[in-house]
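In: Coordinates for the following, if possible.
(one chain, ligands or ions: 1)
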Amino acid sequence: MKIVYTKRLEERYNTNPVEIPDRVRLPAQELRGYEFVEPGQANIEDISRVHERKHIERVRARGLFGPASLSAGGAVLAAELALEEEPAFALIRPPGHHASRDHSWGMCFFNNMAIAVGRISNQVKKVLIIDIDLHFGDGTVNIFRWNEDVNIVNIGAIDMGFEYLKLDGERYLAGVAAALDRLQYDVVGVSAGFDTYVEDWGGLLYREDYQKIGRLVKEGAEERCEGRRFAVLEGGYHPDLRYCVKSFVRGFE
Ligand SMILES: [Zn+2]
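Out: This is a model prediction of the structure:
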């Protein structure tokens, strides 16, 4: 198990005030004891596979190319490690799942998960993306809409209707298990948002639920694809984020 991280991810940049450096700094402290690997920036070929030039230039004009490409580089490294059968968690910011080919919103600029999947797509056939963020990962879905080799499952996203209100932890976990059971895949990527946490905006999942989710993905991957799995941080804004991340990693490792 590797944690993909560098101090450079703690840079301050112009974004929503809730998306602070402590979101990665504190989990990194909490995960001391794990093996860390440092990512570099994603290269322009990898970014251009996913985003239109106009969008890339807009991100650059806002002074966000550096942080956005470093975050994407973290996701790429995690996906590459997964293919070497080394599970990895990319502790990265800014998040990415609201970034589409030609636009982005919701504190996202480049779609880290999509860039990572694009990078490894010539080495694997079927990819399963499980998005456990509170919000629907519209960017990732838009990007892979016509790609039948990439299956994306958003578990109970709050902005997809009132279904969320009927969810409890048990049903949520059952959704994760069903996705892993029902679909075919050669690698699993988790868009790991933690804003579904009981003290965060979603008010649903407890710390130990994240360990269970991590373990479900581990077991599914071990059964179906030689354990190839990686996760990238998406949302999560409560100070307890560090404990939720650690809990997830404990199940995932
Ligand atoms: Zn979110």
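In: Could you grab the helix/strand/coil label for the closest residue to the ion within the stretch 1-150 of the chain?
Out: Nearest residue of the stretch 1-150 of the chain to the ion, counting by CB to the ion: His135, 3.7 Å away. C-beta here means a position set from N, CA and C on the backbone, and glycine is covered the same way. In three-state terms, and counting by DSSP: H, G, I helix; E, B strand; the rest coil, His135 is coil.
In: for the one 5 residues further on, same thing?
Out: Taking three-state DSSP as the rule, one finds Thr140 in the helix state.
In: And for the residue of the stretch 1-150 of the chain closest to the ion, the neighbour number?
Out: Applying other CB atoms under 10 Å, we find 22 other residues in the vicinity of His135.
In: now Gly161
Out: Counted with other CB under 10 Å, Gly161 comes out at 11.
In: So for it, what pLDDT did the model give?
Out: Gly161 is assigned a predicted lDDT (pLDDT) of 74.
In: same check, this time on Ser71
Out: pLDDT at Ser71 comes out at 98.
In: ok, the residue nearest to it when sequence neighbours are not counted - contacts?
Out: Closest residue to Ser71 apart from its sequence neighbours, by CB to CB, 6 or more residues apart in numbering: Ile92 at 4.3 Å. When contacts are counted by CB atoms under 8 Å, 6 or more residues apart in numbering, Ile92 is found next to 4-5, 9, 24, 39, 70-71, 74-75, 112, 232-233.
In: Next, check those residues against the helices and list the overlap.
Out: Cross-referencing the contacts of Ile92 against helices under DSSP state H gives 24, 70-71, 74-75, 112.
In: Scan these and report the most crowded one.
Out: Comparing the ones in helices among the contacts of Ile92 by number of neighbours (other CB under 10 Å), Asn112 comes first, having 37 neighbours.
In: Could I get the contacting residues of that one?
Out: Per CB under 8 Å, 6+ apart, neighbours of Asn112: 71-72, 74-75, 90, 92, 95-96, 232.
In: Is it possible to get CSV of the residues you listed that adds distance to Glu208?
Out: Shown next, in CSV, are these (distance: CB to CB, whole Å):
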residue, distance to Glu208
Ser71, 28
Ala72, 31
Gly74, 26
Ala75, 26
Ala90, 23
Ile92, 24
Pro95, 23
Gly96, 27
Val232, 22
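In: about what we covered before: name the nearest of the contacts of Ile92 relative to Lys212.
Out: Checking the contacts of Ile92 against Lys212 with CB to CB, the nearest one is Leu233 at 18.4 Å.
In: now the helices for the stretch 101-250 of the chain?
Out: Remark: helices assigned in the stretch 101-250 of the chain by DSSP state H, counting those that start in this stretch are 112-120, 138-144, 163-166, 169-182, 207-224, 241-252.
In: Can you say which of those is packed in most?
Out: Comparing those by mean neighbour count (mean count of other CB atoms under 10 Å), helix 112-120 comes out on top with a mean of 29.
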